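show me the folded form of this:
(one chain, ligands or ions: 1)
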Amino acid sequence: MSSLFHRTSVRKFQDRPVEREKIERVLRAAMQAPSAVNQQPWEFFVVTNPEKKEALTEVTPYIRFGKKAPVIIVLAYRVHSTAPLFTDIDMAICTENLWLACDEEGLGGTMCGIAPVEAQIERASKILELPDDLRVFTIFPMGYPAEERAQQDRFDESRIHYVD
Ligand SMILES: Cc1cc2nc3c(=O)[nH]c(=O)nc-3n(C[C@H](O)[C@H](O)[C@H](O)COP(=O)(O)O)c2cc1C
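Okay, here's the model as predicted:
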């Protein structure tokens, strides 16, 4: 449970590239996510190209911190999957797996919301020149953290409702 209680949003990064093996390990964790009817709707774009990174960080005002990230992972999904109604849920679980795995590898990042805002999905998908059947779900700038803070304790007993 250690990364569950250690992971935070990391928005400051060391000027240090991320090794390909580490990227593959965190993506392996992402792909282990459960999904509706096991549809696995995800595709991952590992972006290090400076122009593409810059453009991606301008899709919303809340991703600008990502300009200095050595890598941006873009999580996209296939439109024509078996259970498309559940795709956003699958993608969210997959993103959390990725986030936790980064923490375990000594890396950090932040999920930046793109879906379900149509205009943002279109803008981000256009930057990567995705085919029509692929759409961006989230943008995840990542790298070696240049900041560390304790995770906020969100436990709230009053949110637990025992139905005996
Ligand atoms: C769906 C979603 C969208 C988010 N979008 C952004 C974003 O656009 N920019 C950003 O800096 N953080 C974004 N975050 C990160 C949240 O602000 C962060 O997870 C929250 O404040 C809790 O902090 P923690 O991750 O450090 O525990 C997003 C998180 C989620 C789950």
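
for burial, what's the neighbour tally of residue 56?
Neighbour count for residue 56, taken as other CB atoms under 10 Å: 27. Where C-beta positions appear, they are placed from N, C-alpha and C, glycine not excepted.

can you classify residue 25 as helix, strand or coil?
State at residue 25, reduced to three classes by DSSP: H, G, I helix; E, B strand; the rest coil: helix.

spit out the contact partners of it.
If you count contacts by CB atoms under 8 Å, 6 or more residues apart in numbering, residue 25 has them with 101, 105.

if we go to 6 Å?
The contact partners of residue 25, by CB atoms under 6 Å, 6 or more residues apart in numbering, come to none.

likewise for residue 138?
Counting by CB under 6 Å, 6+ apart, the residues that residue 138 touches are 75, 95, 111, 114.

then residue 91?
Residue 91 touches 77, 137, counting by CB under 6 Å, 6+ apart.

could you do residue 52 as well?
Residue 52 sits in contact with no residue, where contact means CB under 6 Å, 6+ apart.

pull up the gap between it and residue 79, please.
22 Å (CB to CB, to the nearest Å).

kindly report the same for residue 60.
21 Å.

out of these two, which sits in the busier spot?
Higher neighbour count among residue 60 and residue 79: residue 60, with 17 against 13, using other CB under 10 Å.

need the nearest residue in space to that one, chain neighbours excluded.
Nearest non-adjacent residue to residue 60, counting by CB to CB, 6 or more residues apart in numbering: residue 120, 6.0 Å away.
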